[in-house]
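Asker: Sharing a sequence plus its predicted fold:
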Amino acid sequence: MTDRPGHDVADLAEDLRAWLPAQRWFAAKGQELTGVRVVRAAELSEDLVHVLVAAGDEVYQLLVGVRAELPDHLAPVAIGPLGGGTAYDAALDPDLVSGLVDLMAKGAEVGGLSWRAEPGVELVTGLRARPVGVEQSNTSLVYGSQYILKLFRRPVPGPNRDVQLHRALHAAGSKQIATPVGTVTGELDGQPTVLGFAQRFLGDAAEGWATATASVRDLLAEGDLHAREVGGDFAGEASRLGAAVAQVHADLAAALGTEVVDAAKLAGAVDAMHARLDEVLGEVPALAEHEAKVRAAFDAVRGVEGGISVQHVHGDLHLGQVLRTTAGWVLIDFEGEPAAAAAERELTRSPLRDVAGMLRSFDYAALHLVAGGEPDHQKATRAAEWADRNRAAFCDGYATVGPDPRAHAVLLRAFELDKAVYEVRYEHRNRPDWVAIPLAAIKRAE
Ligand SMILES: Nc1ncnc2c1ncn2[C@@H]1O[C@H](COP(=O)(O)OP(=O)(O)O)[C@@H](O)[C@H]1O
Ligand SMILES: O=P(O)(O)O[C@H]1O[C@H](CO)[C@@H](O[C@H]2O[C@H](CO)[C@@H](O)[C@H](O)[C@H]2O)[C@H](O)[C@H]1O
């Protein structure tokens with residue numbers, strides 16, 4: 001620990017106990033947080049401390065800044081008093097974090113962490129950082145118009161899936177990812193651990209979620225036109241997206257291999273879906289009325305013949321994980337589901353898992369604009385039509401590069417339901433108003 005006197009962040013443990021659960025990236029929502037312990041704290045620069053905090057079963061990464069007085073714009077990220085000043089979440093303070101890419105460019109060893117550019121990458125230095133604006137599972141900073149640095153909020157000891165899969169795809173010459181440019185690595189539980197990952201910032205990119213929901217909005221604003229008739233029809237994009245996802249699957253298969261699962265592994269995968277359902281049923285009783293149907297869909301997978309091919313896949317694919325650039329669709333964030341245990345995220349899986357995730361996302365994009373308000377049958381019907389049209393277009397596009405996902409109806413149905421069960425818990429914990437969206441999908445499933 002290289003704290004200066006007055007910056008003993010261990011003193012923050014009590015304040016962190018209240019502050020952590022309020023953060024978007026805090027995992028154990030709804031569970032009581034008993035112990036919080038600062039496991040590591042090291043200065044990166046004057047007034048900027050790198051901190052790992054153990055809270056419940058998780059370890060979280062923080063960049064703690066300390067200022068004598070907090071300006072108004074940083075008041076919302078205050079953690080508590082420290083050494084005569086106030087400690088706050090410095091990941092949102094450009095004055096303190098703009099130098100982090102420069103540390104990578106230098107190949108520095110600072111704060112007990114290794115800051116490295118990817119082989120062959122010459123990083124531009126002196127760039128100003130800005131927070132990316134959306135608070136997600138992690139916190140990202142954009143440097144000038146060049147790089148985006150993701151700080152993993154819940155770093156996982158050992159190899160980092162996001163970095164590994166990006167490196168494999170980059171080596172394969174993939175055009176469907178943002179080029180990896182650097183990493184920050186430290187040690188956790190005695191193992192090398194990736195704490196930060198920098199990639200090229202795609203300044204011309206629009207998020208898939210924003211473009212898809214703009215199309216739905218367009219449709220609903222039109223009196224009584226169908227999805228294919230309005231200017232913002234998304235089917236062409238959905239099809240190109242399907243082809244891009246299939247290309248990523250093909251590149252990952254070529255780079256890292258495929259395997260056909262045996263009966264024991266298949267049984268294990270079905271048991272895992274049931275186990276997740278058990279957990280979510282315990283948390284969200286409204287799911288109970290659909291339990292029998294969902295369990296039957298999972299069990300049907302046991303009878304699938306001909307073997308199931310598995311490989312490395314994206315793991316948490318949805319419209320918020322794809323960016324439309326002027327050169328085509330790009331997939332981001334290969335970490336896997338944020339709620340999944342690290343060991344589970346490492347598993348190779350059927351590519352149909354990603355297809356199911358994206359099909360669920362078309363359903364979300366259509367329904368979130370009609371859910372919650374006054375029931376409107378006409379709008380609901382047209383939104384559902386938009387979802388059907390774009391789900392089909394996505395599969396059509398996928399089938400131009402890979403196998404047609406619809407040829408595996410039993411698997412696809414089980415994986416979509418499994419994803420919807422995951423979403424029920426995700427929404428219950430993070431956006432309770434939206435829990436109706438995956439619940440309605442489970443109810444509708446035939
Ligand atoms: N290479 C990139 N270029 C431009 N924007 C990006 C890039 N990577 C991520 N983003 C933006 O940052 C957001 C968060 O990135 P993501 O990797 O999904 O983080 P998280 O793990 O927190 O969900 C994305 O939704 C996207 O808007
Ligand atoms: O992007 P993350 O890795 O943080 O993924 C988590 O958050 C997502 C929400 O931001 C969540 O996605 C769900 O909501 C999306 C709309 O906001 C929708 O497009 C997805 O289909 C739906 O699953 C994701 O499940 C969660 O892991």
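Answerer: Received it, and whenever you're ready, just let me know what you need. Numbering: from 1, shown residues only. Ligands and ions are numbered 1, 2, ... in the order given.

Asker: Would you confirm that Trp19 belongs to a helix?
Answerer: Yes. Under DSSP: H, G, I helix; E, B strand; the rest coil, Trp19 sits within a helix.

Asker: Return the backbone torsion pair for Gly99.
Answerer: Taking degrees, to the nearest 10, you get phi -80, psi 0 for the backbone angles of Gly99.

Asker: Let me see the contact set for it.
Answerer: For Gly99, the contact set (C-beta atoms under 8 Å, 6 or more residues apart in numbering) comprises Ser45. Any C-beta I mention is one placed from the backbone N, CA and C, and that applies to glycine too.

Asker: Tell me, what's the model's pLDDT at it?
Answerer: Looking at Gly99, its pLDDT is 96.

Asker: what ranges do the strands span in the stretch 151-300 of the chain?
Answerer: Assigned by DSSP state E, counting those that start in this stretch, the stretch 151-300 of the chain shows strands spanning 180-188, 191-200, 206-207, 258-261.

Asker: Which strands or helices does the first one pack on?
Answerer: Which is strand 180-188. Applying 3 or more C-beta pairs under 8 Å, 6 or more residues apart in numbering; DSSP states H and E, one finds that strand 180-188 makes contact with strand 48-55, helix 100-106, strand 113-117, strand 147-151, helix 161-171, strand 191-200.

Asker: Make a markdown table from the strands of the stretch 151-300 of the chain and add mean neighbour count, mean pLDDT and distance to ligand 2 to it.
Answerer: Converted to a markdown table, these look like this (neighbours: other C-beta atoms under 10 Å; pLDDT from 0 to 100; distance: least, C-beta to the nearest ligand atom, whole Å):
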| stretch | mean neighbour count | mean pLDDT | distance to ligand 2 |
| --- | --- | --- | --- |
| strand 180-188 | 21 | 97 | 18 |
| strand 191-200 | 21 | 97 | 14 |
| strand 206-207 | 14 | 96 | 10 |
| strand 258-261 | 14 | 93 | 24 |
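
Asker: The helices and strands packed on strand 180-188 into a markdown table, with extra columns for distance to ligand 1?
Answerer: Below are the helices and strands packed on strand 180-188 laid out as a markdown table (distance: least, C-beta to the nearest ligand atom, whole Å):
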| stretch | distance to ligand 1 |
| --- | --- |
| strand 48-55 | 18 |
| helix 100-106 | 14 |
| strand 113-117 | 16 |
| strand 147-151 | 5 |
| helix 161-171 | 8 |
| strand 191-200 | 5 |
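
Asker: Point out the one among these that comes closest to His312.
Answerer: helix 161-171 (6.1 Å; C-beta to C-beta).

Asker: List the buried residues for that closest one?
Answerer: Within helix 161-171, the residues scored as buried using 16 or more other C-beta atoms under 10 Å are 161-163, 165-170.

Asker: do the same with stretch 310-328
Answerer: Residues 310-324 are the ones in stretch 310-328 that count as buried (16+ other C-beta under 10 Å).

Asker: separation between the residue in the stretch 151-300 of the chain that ligand 2 sits nearest to and Ser215?
Answerer: Here the stretch 151-300 of the chain gets closest to ligand 2 at one residue, Trp209, 5.6 Å apart by C-beta to the nearest ligand atom. From Trp209 across to Ser215, the span is 11 Å (C-beta to C-beta, to the nearest Å).

Asker: Name the residue in those two with the higher neighbour count.
Answerer: Ser215 (22 against 18; other C-beta atoms under 10 Å).

Asker: Just the local confidence number for that one, please.
Answerer: At Ser215, pLDDT is 94.

Asker: List the contacts of it.
Answerer: Per C-beta under 8 Å, 6+ apart, neighbours of Ser215: 230, 232-234, 237, 386.

Asker: What is the nearest of those residues to Val421?
Answerer: Trp386 (23.9 Å).

Asker: for that closest one, what are its contacts?
Answerer: Counted by C-beta under 8 Å, 6+ apart, Trp386 has contacts 215-216, 219, 227, 234, 362, 365-366.

Asker: Which residue does the stretch 301-446 of the chain have closest to ligand 1?
Answerer: Of all residues in the stretch 301-446 of the chain, Asp333 sits closest to ligand 1, at 3.5 Å by C-beta to the nearest ligand atom.

Asker: Which residues of the chain lie near ligand 1?
Answerer: Contact residues, the chain versus ligand 1 (C-beta under 6 Å from any ligand atom): 132, 134, 136-138, 140, 148, 150, 178, 199-202, 205, 207, 320-321, 323, 332-333, 335.

Asker: Buried members of those into PyMOL, please.
Answerer: Those of the residues of the chain next to ligand 1 that meet the burial criterion (16+ other C-beta under 10 Å) are gathered into one PyMOL selection, given here:
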select buried, resi 132+137+138+140+148+150+178+199+201+202+205+207+320+321+323+332+333+335
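
Asker: thinking again about what came up before, what's the spacing between the residue of the stretch 151-300 of the chain closest to ligand 2 and Val421?
Answerer: Following C-beta to C-beta, the distance that separates Trp209 from Val421 is 21 Å.
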